[in-house]
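**Student:** here are the coordinates; sequence isn't available:
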């Protein structure tokens, strides 16, 4: 490490567009941490929400953005075992957890109420070096590039939503609302489970049609009642709401069949302002899905390394960290699904 500082994409205040490049010190690590040299970091919709200040979670300003990342270990804390300098790894997002919390004790540390994640609770990976607790690490196989491996995190979000928190059987009809990164990956995982899958897009999302089609999904612009009711007139078995607004829950309630399920994985900070009675009338299960844990990461890395889950179609380009704004704007305007950054 020839320099003691590196460039970082910092969200420094709550006001809209309070993000800029700053020089920050290389972090010091604790005895159970490793220092990771970041190879690639994905831009998440939550990074954009913090940039535009329409997020619904607390942020510890100033904070380095970025929680989808992978790289190589450059140093280890004194109590770290099982890892060595040079190992290719990706990191989970739960940077701070309470190991004594009842949820953490059963492996559901992602649901620990005191959990703090990279990019909002502690400094994230849109920089060259990041401090990572060794418990967060997973090995990256040599045949998996870091441009792909850094997207393990959103793949885990999708896997947990579809496999962990939904009931999907071969032959089920699944509708995904929202053609962003999480929505398209949820559709891809549902296809792996043997479901028939349709993705609803708005006219403004037309550029993402071909990407969804690459995963074998039907793409519907606008209303999807006809597709939902095609089999027996009752609706789709599962609706995955991956849109970043609250109003789409109303669409989900219209499209789901009686005794079906709605899994909501997209955040929406505004009130719904409509009745939830259809959930009762249809005997529908409404399920939230948040984050992921160690077992899910291991499964997803296996899927990525084998090629069963391919993230290449959603990657819209790789930008140096210093050009973060161009990458953010392309995603924000819907011109690409996923931007990846490279530290300099």
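**Tutor:** Okay, I see it. This is a predicted model, so every value here is computed, not measured.
**Student:** quick one, strands of the stretch 201-344 of the chain?
**Tutor:** 218-221, 236-241, 256-264, 285-288, 315-320, 338-342 (DSSP state E, counting those that start in this stretch).
**Student:** adjacent strands (with direction) for the fourth one?
**Tutor:** Strand 285-288 sits in its sheet next to strand 256-264 (parallel), going by DSSP bridges.
**Student:** how distant is the partner strand from the center of its chain?
**Tutor:** Distance of strand 256-264 from its chain centroid, counting by CA atoms, centre = their mean, to the nearest Å, is 22 Å.
**Student:** let me know the angle separating that strand from strand 236-241.
**Tutor:** Using axes from the mean of the first three to the mean of the last three CA atoms, to 10 degrees, the inter-axis angle of strand 256-264 relative to strand 236-241 is 30 degrees.
**Student:** may I see the buried residues of strand 256-264?
**Tutor:** For strand 256-264, the neighbour count (16 or more other CB atoms under 10 Å) marks 256-257, 260-264 as buried. Any C-beta I mention is one placed from the backbone N, CA and C, and that applies to glycine too.
**Student:** let me have the strands of the stretch 201-344 of the chain in a markdown table, adding mean pLDDT and distance to residue 73 as columns.
**Tutor:** Converted to a markdown table, the strands of the stretch 201-344 of the chain look like this (pLDDT from 0 to 100; distance: least, CB to CB, whole Å):
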| stretch | mean pLDDT | distance to residue 73 |
| --- | --- | --- |
| strand 218-221 | 94 | 41 |
| strand 236-241 | 98 | 35 |
| strand 256-264 | 98 | 35 |
| strand 285-288 | 98 | 34 |
| strand 315-320 | 97 | 22 |
| strand 338-342 | 98 | 18 |
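**Student:** pick the most deeply packed of these.
**Tutor:** strand 236-241 (a mean of 30; mean count of other CB atoms under 10 Å).
**Student:** returning to that earlier point: residue 88 is nearest to which of the strands of the stretch 201-344 of the chain?
**Tutor:** Residue 88 lies closest to strand 338-342 among the strands of the stretch 201-344 of the chain, at 15.6 Å (CB to CB).
**Student:** just name whatever secondary elements the closest one is in contact with.
**Tutor:** Strand 338-342 sits against strand 33-42, strand 315-320, helix 324-332, with contacts defined as 3 or more CB pairs under 8 Å, 6 or more residues apart in numbering; DSSP states H and E.
**Student:** what mean pLDDT does the first one get?
**Tutor:** If I follow you right, that is strand 33-42. Mean pLDDT, computed over strand 33-42, is 98.
**Student:** could you number the chain from 50 rather than 1 from now on?
**Tutor:** Shifting the count to begin at 50 puts that one at strand 82-91.
**Student:** what is that strand packed up against?
**Tutor:** Looks like strand 82-91 contacts strand 117-125, strand 178-182, helix 195-198, strand 387-391 (3+ CB pairs under 8 Å, 6+ apart).
**Student:** just checking, what packs against the lowest-mean-pLDDT helix or strand in the chain?
**Tutor:** One helix or strand of the chain scores below all others by mean pLDDT, DSSP states H and E: helix 258-263, with a mean of 90. With contacts taken as 3+ CB pairs under 8 Å, 6+ apart, helix 258-263 sits against helix 230-241, strand 245-250, strand 267-270.
**Student:** mind listing what's buried in that helix?
**Tutor:** Buried, per 16+ other CB under 10 Å, within helix 258-263: 258, 260-261.
**Student:** just stretch 238-251 next, same as before
**Tutor:** By neighbour count on 16+ other CB under 10 Å, the buried set for stretch 238-251 is 238-242, 244-250.
**Student:** quick revisit: most tightly packed of the helices and strands packed on strand 387-391?
**Tutor:** Greatest burial across the helices and strands packed on strand 387-391, using mean count of other CB under 10 Å, falls to strand 82-91, with a mean of 25.
**Student:** measure residue 98 to residue 67 for me?
**Tutor:** Remark: distance between residue 98 and residue 67 (CB to CB, to the nearest Å) = 13 Å.
**Student:** and what of residue 152?
**Tutor:** In terms of CB to CB, residue 152 sits 32 Å off from residue 67.
**Student:** check contacts around the most centrally placed residue in the chain.
**Tutor:** Nearest to the mean C-alpha position of the chain, by CA atoms, centre = their mean, lies residue 203 at 2.9 Å. By CB atoms under 8 Å, 6 or more residues apart in numbering, the residues touching residue 203 are 91, 93, 117, 230-231, 234, 387.
**Student:** where do the strands sit along the stretch 50-199 of the chain?
**Tutor:** Going by DSSP E, counting those that start in this stretch, the stretch 50-199 of the chain shows strands at 54-60, 68-74, 82-91, 112-113, 117-125, 137-140, 143-145, 165-166, 178-182, 186-188.
**Student:** JSON lines for those strands, including distance to residue 380?
**Tutor:** Formatted as JSON lines, these follow (distance: least, CB to CB, whole Å):
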{"stretch": "strand 54-60", "distance to residue 380": "14"}
{"stretch": "strand 68-74", "distance to residue 380": "13"}
{"stretch": "strand 82-91", "distance to residue 380": "10"}
{"stretch": "strand 112-113", "distance to residue 380": "18"}
{"stretch": "strand 117-125", "distance to residue 380": "13"}
{"stretch": "strand 137-140", "distance to residue 380": "21"}
{"stretch": "strand 143-145", "distance to residue 380": "23"}
{"stretch": "strand 165-166", "distance to residue 380": "19"}
{"stretch": "strand 178-182", "distance to residue 380": "21"}
{"stretch": "strand 186-188", "distance to residue 380": "25"}
